[in-house]
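S.K.: Build the 3D model from these lines:
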Amino acid sequence: MPDSTSWFKKLASESARTEESHIDQLLADGFTLAQSQLNDGSWRTHFAGKEIFRDIGSRICDRTRITGYIPKGVEFDVDLAKVIAASQVASSSIPLDLSALLAALKRRIAPTPPAS
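M.R.: Coordinates of the predicted model:
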């Protein structure tokens, strides 16, 4: 029964926290947590990269126009990533925009070196 899940159990208390001050505090707490995870490297186990990939994928192509596309959720994204990677390996090339995206992501998540 769905209303017995933890999400439903906390829904009432969470929805009561909709005042602007509550939202500001939730955002501040989320930022602090994210910054902490970036600093200590634990983001690697908490970061949902597949969600960003899925979001980016939806902007790259209209999946419903892909011949034989059957919505399978995460499996489709994984299969797509594998096919793209295999193609890039076979052609010994990575598109410049993907290289730029990778470099930008690495710069964003790279730990700041200690001051000397």
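S.K.: Could you list the domains of the protein?
M.R.: 16-47, 48-111 (automatic domain parsing).
S.K.: Low-confidence bits of the protein, can you list those?
M.R.: Applying pLDDT under 70 to the chain picks out residues 1-3, 47-61, 63, 69, 71-74, 76-77, 111-116.
S.K.: Please enumerate the helices of it.
M.R.: Using DSSP state H, the helices of the chain run over residues 6-15, 20-40, 43-46, 49-60, 74-91, 96-109.
S.K.: picking up where we left off before, any chance of the domains of the chain in JSON lines, with mean neighbour count too?
M.R.: C-beta coordinates here come from the backbone N, C-alpha and C atoms, glycine included. Shown next, in JSON lines, are those (neighbours: other CB atoms under 10 Å):
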{"stretch": "domain 16-47", "mean neighbour count": "11"}
{"stretch": "domain 48-111", "mean neighbour count": "10"}
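S.K.: Present those domains as a markdown table; the columns should include distance to K9.
M.R.: A markdown table is the format used below for these (distance: least, CB to CB, whole Å):
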| stretch | distance to K9 |
| --- | --- |
| domain 16-47 | 14 |
| domain 48-111 | 22 |
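S.K.: Out of those, which gets nearest to S6?
M.R.: domain 16-47 (16.4 Å; CB to CB).
S.K.: Could you give the separation of the closest one from the chain centroid?
M.R.: 15 Å (CA atoms, centre = their mean, to the nearest Å).
S.K.: coming back round to it: let's have the helices of the chain in a markdown table, adding distance to G68.
M.R.: Formatted as a markdown table, the helices of the chain follow (distance: least, CB to CB, whole Å):
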| stretch | distance to G68 |
| --- | --- |
| helix 6-15 | 34 |
| helix 20-40 | 38 |
| helix 43-46 | 34 |
| helix 49-60 | 16 |
| helix 74-91 | 11 |
| helix 96-109 | 25 |
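S.K.: right, so of those, which gets closest to T67?
M.R.: Closest among the helices of the chain, once you apply CB to CB, is helix 74-91, at 13.4 Å.
S.K.: tell me what the closest one is packed against?
M.R.: If you count contacts as 3 or more CB pairs under 8 Å, 6 or more residues apart in numbering; DSSP states H and E, helix 74-91 packs onto helix 49-60.
S.K.: neighbours around L11, how many?
M.R.: L11 has 12 neighbouring residues, counting by other CB atoms under 10 Å.
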